[in-house]
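Chemist: model this:
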Amino acid sequence: MTTFDFTNADSYILNCSTLLTELPVMERAQAAKDAGFSQVEFWWPFDGNPRPTSAEVDEFIASLDKAGVELKGLNFWAGNMAAGDRGMVSIKGAEADFAANVDIVVEIGRRTGCRAFNALYGLRTEGQTPEEQDEVAVANLKLAADAVAAIDGTVLVEPVSGAEDYPLKRASDAAAVVQRVRAQGVANIAVLADFFHMSINGDDVAAVIEADAAKFGHIQIADAAGRGAPGTGELPLQDWINRSYELGYTGSIALEYKQDRATAFEWLAN
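Modeler: All right, here's what the predicted structure looks like:
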């Protein structure tokens, strides 16, 4: 069984898209290293552009290499997150951009060693039926999983809170999508268990852990309410993490909370 050091920065992957946001994206890997972290993850780091230039990709990878951190997780292009998009996987008409993005994600994974790739599902969209969108999503997720399989990668699907039109609100919703894709002969796809989103959306997180911890592809945490650092809310995060490992979870824990840089890591041991 994994022994998890709850207050050691090096136990975690730091999400550099919810934290250190006072800094430009290309400076966050170094800031993460300076704060004691050696592993990072990012949402899609190219301002909503599914097809960044080779020079932009090179700059991103160089920022990781210079800082000496490992990229452990990366989101596929998710549209314009700042404008409210929450993924392009299920959006009809975005298939060509998504496919082109998958190729770039695979390149980044090959060059960095990243093997976990989060695919935000996308919002229900006017003029597209849920059935049509779900069909597009299965096709896109299969395409993505087949592509990252070449580098031993895994596609992740997560429930999300705070977006009414995002259809995957509970762990069971994400698991149902995973099963639909697996029925197409795909093995390398799994649920991303974000304990914050699950809790906010009404999941019995402890019960989900008891049933499915060994199947989780990744875990992300933030406290609730507020989505701040562990200890700022009421969630029993340490208990949930420990129980996940006891039940067979073998992955990492990512910090995906939101807090200002000055106080974000005060809860960690010095």
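
Chemist: quick one, what contacts the residue positioned nearest the centre of the chain?
Modeler: Nearest to the geometric centre of the chain sits residue 118, at 4.6 Å (Cα atoms, centre = their mean). Residue 118 is in contact with 73, 74, 75, 76, 155, 156, 157, 158, 192, 218, counting by Cβ atoms under 8 Å, 6 or more residues apart in numbering. Yep, even glycine has a C-beta here, placed from its N, CA and C like the rest.

Chemist: 10 Å - rerun?
Modeler: Going by Cβ atoms under 10 Å, 6 or more residues apart in numbering, residue 118 touches 41-44, 73-76, 78, 87, 154-158, 192, 194, 217-218, 220, 254.

Chemist: also residue 82?
Modeler: By Cβ under 10 Å, 6+ apart, the contact set of residue 82 is 47, 48.

Chemist: so that it lines up with my notes, have the first residue be 539 from now on.
Modeler: With 539 as the first residue, the last one maps to residue 620.

Chemist: from residue 555, how far off is it?
Modeler: With distances taken as Cβ to Cβ, to the nearest Å, residue 620 is found 11 Å from residue 555.

Chemist: now swap in residue 679 and tell me
Modeler: Noted for residue 679: a distance of 21 Å to residue 555, by Cβ to Cβ.

Chemist: who's more crowded, those two?
Modeler: Higher neighbour count among residue 679 and residue 555: residue 679, with 26 against 19, using other Cβ atoms under 10 Å.

Chemist: skip the chain neighbours and tell me the closest residue to that one.
Modeler: residue 719 (4.7 Å; Cβ to Cβ, 6 or more residues apart in numbering).

Chemist: that neighbour contacts residue 694, correct?
Modeler: No. In this structure, residue 719 is not within contact of residue 694 by Cβ atoms under 10 Å, at 11.6 Å.

Chemist: between these two, what contacts are shared?
Modeler: Residues touching both residue 719 and residue 694 by Cβ under 10 Å, 6+ apart: 657, 727.

Chemist: just the pLDDT for the nearest residue to residue 626 once chain neighbours are set aside.
Modeler: Counting by Cβ to Cβ, 6+ apart, residue 632 is the residue found nearest to residue 626 once chain neighbours are left out, at 4.5 Å. Among the per-residue scores, residue 632 holds a pLDDT of 98.

Chemist: repeat that for the one 5 residues further on.
Modeler: Predicted confidence (pLDDT) for residue 637: 98.

Chemist: for the one helix or strand it maps to, packing partners?
Modeler: Following DSSP states H and E, one finds residue 637 within helix 633-650. The elements that helix 633-650 packs onto, with contact taken as 3 or more Cβ pairs under 10 Å, 6 or more residues apart in numbering; DSSP states H and E, are helix 592-605, strand 608-613, strand 654-656, helix 668-686.

Chemist: same for the longest one, what does it pack against?
Modeler: Based on contacts counted as 3+ Cβ pairs under 10 Å, 6+ apart, the elements that helix 668-686 packs against are helix 633-650, strand 654-656, strand 692-695, helix 709-720, strand 727-732.

Chemist: how far does it sit from the chain's center?
Modeler: Relative to its chain's centre, helix 668-686 lies at 17 Å (Cα atoms, centre = their mean, to the nearest Å).

Chemist: so which bits of it are buried?
Modeler: By 16 or more other Cβ atoms under 10 Å, the buried positions in helix 668-686 come out as 671-672, 674-683, 685-686.

Chemist: from residue 704, how far off is residue 607?
Modeler: Distance, residue 607 to residue 704, using Cβ to Cβ: 30 Å.

Chemist: what of residue 769?
Modeler: Distance, residue 769 to residue 704, by Cβ to Cβ: 28 Å.

Chemist: more neighbours: which of those two?
Modeler: Set residue 769 next to residue 704 and count neighbours by other Cβ under 10 Å: residue 704 wins out with 22 against 13.

Chemist: the more buried one is in contact with residue 663, isn't it?
Modeler: No. At 11.1 Å, residue 704 does not count as touching residue 663 under the criterion of Cβ under 10 Å.

Chemist: and for those two, which residues touch both?
Modeler: residue 628.
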